[in-house]
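1. Kindly return the folded structure for what I paste below:
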Amino acid sequence: MLLVANFFWGLSFPLIKAIGLLHEKLVPGTGGTWFSSVYTVAPRFALAVGLMLLLRPRDIWRATPREWHQGVILGLFSAAGMLLQNDGLQYTAASTSAFLTQFYAILIPVWVAVRGRRNPGARIWICCALVLAGVAILGRFDWQALRFGRGEFETLLCSLFFMGQILTLERSDFAGNRPLPLTFVMFVTEAVVFGLMAVVMAPSPAALLVPWTSPAWVGFTLTLTLLCTYGAYALMNTWQPKITATEAGLIYCVEPIFGTLMALFLPALFSAWAGIDYANETFTWALLLGGGLITLANVLLQVRPPPKP
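-> Just a heads-up that it's a prediction; the model follows:
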């Protein structure tokens, strides 16, 4: 189920790229990178809240205080991570962003080892090394081109927030929480955060309204809402608590593989529909080797997953 969630998140890469290009075409030069980053994600969570209210109007409001507690924490971690990741991408190479974002794959077992005062074992560290090598190859990471500026700092910081999100789902004091109300509270939190930021940062009311007049922009946003937001996070909140945070962190690194595969053919389809200039990526040895290392790490992990604490 978490691999299915990764598939949906992989779809979000070309979708968000297409939305950003189309947004610049519809409302050029408005609000800088912060507003563009915020307004790429704000509608998806507002629409996801509306969708859940439409599908389960009674059940989702019956969240317990503990579910509200965990949902708000998850929403704040996720909102901070998404905002920093999207803005940091404006100031650094995509390969650097991919490498630094997946750094939580190694941070989580380090945190678990420090918290539990025990070594997670050689197999976990080998899987971490395979994943980081795979992500570096997949993103064509260039050590010589690495510099520590705004983009790198924001991306590394976003990885810490994503790690916090993953670890929050593992907390034993939230073990009895139900996935549906939890997901709803998480979406409400993110919708409020990004909605307020979009209103404050918008240079004019037109910057908020004009994109909704584009059928392509609305179509992209609805797809992002249904699959990459409601579908992916519902799966994550339901199934991740059944495994360890270390295992989940490594599984989530499959996301760039799906994203790269979809970038081989979806951009041309999106461009034809939206009238934007977004070219397909090409299949390279980096995809095969990098994706193979990440897949190998997950196979090794699933053969004998770490025990639940």
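
2. separation between residue 301 and residue 128?
-> Counting by Cβ to Cβ, to the nearest Å, the gap from residue 301 to residue 128 is 10 Å. For glycine as for every other residue, the C-beta is placed from the backbone atoms N, C-alpha and C.

3. can you check residue 34 too?
-> Distance of residue 34 to residue 128, computed by Cβ to Cβ: 33 Å.

4. Please apply the same query to residue 8.
-> Per Cβ to Cβ, residue 8 is found 24 Å from residue 128.

5. before we move on, what about residue 106?
-> Distance from residue 106 to residue 128, by Cβ to Cβ: 5 Å.

6. What is the helix or strand containing residue 23 packed up against?
-> Using DSSP states H and E, residue 23 maps to helix 2-26. With contacts taken as 3 or more Cβ pairs under 8 Å, 6 or more residues apart in numbering; DSSP states H and E, helix 2-26 sits against helix 32-55, helix 215-223, helix 232-239, helix 245-251, helix 255-262, helix 266-274.

7. For residue 17, which of those helices is the nearest?
-> The closest of the helices and strands packed on helix 2-26 to residue 17 is helix 266-274. By Cβ to Cβ, the value is 7.5 Å.

8. what's downstream of the closest one, the next helix or strand?
-> Counting by DSSP H and E, the next helix or strand C-terminal to helix 266-274 is helix 285-303.

9. Give me the contact list for stretch 102-109.
-> Under the contact criterion Cβ atoms under 8 Å, 6 or more residues apart in numbering, stretch 102-109 has outside partners 120, 124-125, 128, 131-132, 135, 156, 159-160, 162-163, 166-167, 245-246, 249-250, 252-253, 256.

10. Dump the C-alpha coordinates for that stretch into PDB.
-> Taking C-alpha atoms only, stretch 102-109 is exported to PDB below (Å, rounded to 0.1, in the frame of the first residue of the first chain):
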ATOM      1  CA  GLN A 102      15.800  11.800   0.800                       C
ATOM      2  CA  PHE A 103      18.300  12.400   3.500                       C
ATOM      3  CA  TYR A 104      15.700  11.400   6.000                       C
ATOM      4  CA  ALA A 105      16.300   7.800   4.900                       C
ATOM      5  CA  ILE A 106      19.500   7.900   6.900                       C
ATOM      6  CA  LEU A 107      18.400  10.400   9.600                       C
ATOM      7  CA  ILE A 108      15.500   8.100  10.800                       C
ATOM      8  CA  PRO A 109      17.600   5.100  11.700                       C
END
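
11. So for stretch 269-281, mean pLDDT?
-> Averaging pLDDT along stretch 269-281 yields 88.

12. about what we covered before: of all the helices and strands packed on helix 2-26, which one comes closest to residue 177?
-> helix 232-239 (8.7 Å).

13. circling back: among residue 34 and residue 128, which residue is more densely surrounded?
-> residue 128 (23 against 14; other Cβ atoms under 10 Å).

14. Mind giving me the packing neighbours of the helix or strand encompassing the more buried one?
-> Element membership of residue 128 [criterion: DSSP H and E] is helix 122-138. Judged by 3+ Cβ pairs under 8 Å, 6+ apart, the packing partners of helix 122-138 are helix 94-101, helix 104-116, helix 245-251, helix 255-262, helix 285-303.

15. What is the subsequent helix or strand relative to it?
-> That would be, after helix 122-138 and using DSSP H and E, helix 150-170.

16. for the helix or strand just after that following helix, packing partners?
-> Beyond helix 150-170 on the C-terminal side, the first helix or strand identified by DSSP H and E is helix 179-201. Applying 3+ Cβ pairs under 8 Å, 6+ apart, one finds that helix 179-201 contacts helix 32-55, helix 65-88, helix 232-239.

17. make it 10 Å
-> Using 3 or more Cβ pairs under 10 Å, 6 or more residues apart in numbering; DSSP states H and E, the elements in contact with helix 179-201 are helix 32-55, helix 65-88, helix 150-170, helix 205-209, helix 232-239.

18. what about the ones you listed, which gets the closest to residue 186?
-> helix 65-88 (4.3 Å).

19. Give the intersection of the neighbour lists for residue 301 and residue 128.
-> Each of 246, 250 lies in contact with both residue 301 and residue 128 under the rule Cβ atoms under 10 Å, 6 or more residues apart in numbering.

20. If any of the contacts of stretch 102-109 are buried, put those into a ChimeraX selection.
-> Only the buried entries of the contacts of stretch 102-109 go into this ChimeraX selection, using 16 or more other Cβ atoms under 10 Å:
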select :120,124,128,131,132,135,156,159,162,163,166,167,245,246,249,250,252,253,256
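
21. What sits closest to residue 292 if chain neighbours are left out?
-> Distances taken as Cβ to Cβ, 6 or more residues apart in numbering put residue 134 closest to residue 292, at 7.3 Å, once the chain neighbours are dropped.

22. Can you get me a residue count around the one you found?
-> 27.

23. quick one, what contacts it?
-> By Cβ under 10 Å, 6+ apart, the neighbours of residue 134 are 102, 105, 253-254, 256-257, 286, 289-298.
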